[in-house]
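J.: Output the structure for:
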Amino acid sequence: MRSNNSNAHQIYREIWSWRGPHRIQCFLWKLNHSSLLTNFTRVRRKMGQSEEFPLCNLGSESFLYIFRDCIKVKDMWLSNHASFFSDSDWLEWLYINLISVEHVVKYQWRLIFGVMLDLVWWRRNGFVFNNNIIDNRQLGEKAMAYGFCCSH
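T.: So this is what the prediction gives:
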């Protein structure tokens, strides 16, 4: 990816050509604009006390930590697609996975990736607001079910 303007256009194009549920497309757009209210953001805006990620309490709730670097989340990714990791920043990582032409089982990785991002956020909110605990196996099964629905 080259300039910031070019990057923004490329990610925008990939999000709106993504072939999953429109609700998740909108979620991806929010991710691209870093517009989710994480604990990290809440503390910066003086709206919260702790910036820790509530699922593990081991790291700051940045986008990369929530969706890639937390050990609980990393285990989920590795059990579904081990080759997606990189040292890239948030937007580069998002873009790399949204343009992927690889397949997992029989579904496009870019489709499963978008669904899994949404499920990670759903799991986080279920834990924060309802104290629900959902394991990685359940998330993987939900992602594959979405993949089946979206590919037919």
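J.: Now do the biggest helix by length in the chain: which elements does it pack against?
T.: Scanning the chain for the helix with the most residues, using DSSP state H, yields helix 109-130. On a contact count with 3 or more CB pairs under 8 Å, 6 or more residues apart in numbering; DSSP states H and E, helix 109-130 meets helix 22-32, helix 71-80, helix 90-98, helix 136-151. From N, CA and C alone the C-beta is placed, and that goes for glycine too.
J.: Quick one: distance of the third one to the chain centre.
T.: When you say that, I think you mean helix 90-98. On the basis of CA atoms, centre = their mean, to the nearest Å, helix 90-98 is displaced by 10 Å from the centre of the chain it belongs to.
J.: what residues does it touch?
T.: Residues outside helix 90-98 that contact it (CB atoms under 8 Å, 6 or more residues apart in numbering): 1, 7, 10-11, 14-15, 18, 28, 31-32, 34, 62-64, 68, 84, 86, 88, 109-110, 113-114.
J.: got the CA positions of that helix in CSV?
T.: Provided in CSV are the C-alpha atoms of helix 90-98 (Å, rounded to 0.1, in the frame of the first residue of the first chain):
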residue,chain,number,x,y,z
TRP,A,90,-4.0,-2.1,11.9
LEU,A,91,-5.2,-0.8,8.5
GLU,A,92,-2.5,-2.8,6.6
TRP,A,93,-3.5,-6.0,8.4
LEU,A,94,-7.2,-5.3,7.7
TYR,A,95,-6.5,-4.7,4.0
ILE,A,96,-4.2,-7.7,3.5
ASN,A,97,-6.9,-10.0,4.8
LEU,A,98,-9.8,-8.3,3.0
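J.: For Met47, find the nearest of the helices and strands packed on helix 109-130.
T.: helix 22-32 (17.8 Å; CB to CB).
J.: List the buried residues of the helix or strand that the closest one is followed by.
T.: Sequence order places helix 39-44 as the next helix or strand after helix 22-32, per DSSP states H and E. Buried residues in helix 39-44, defined by neighbour count with 16 or more other CB atoms under 10 Å: Asn39, Phe40, Thr41, Val43.
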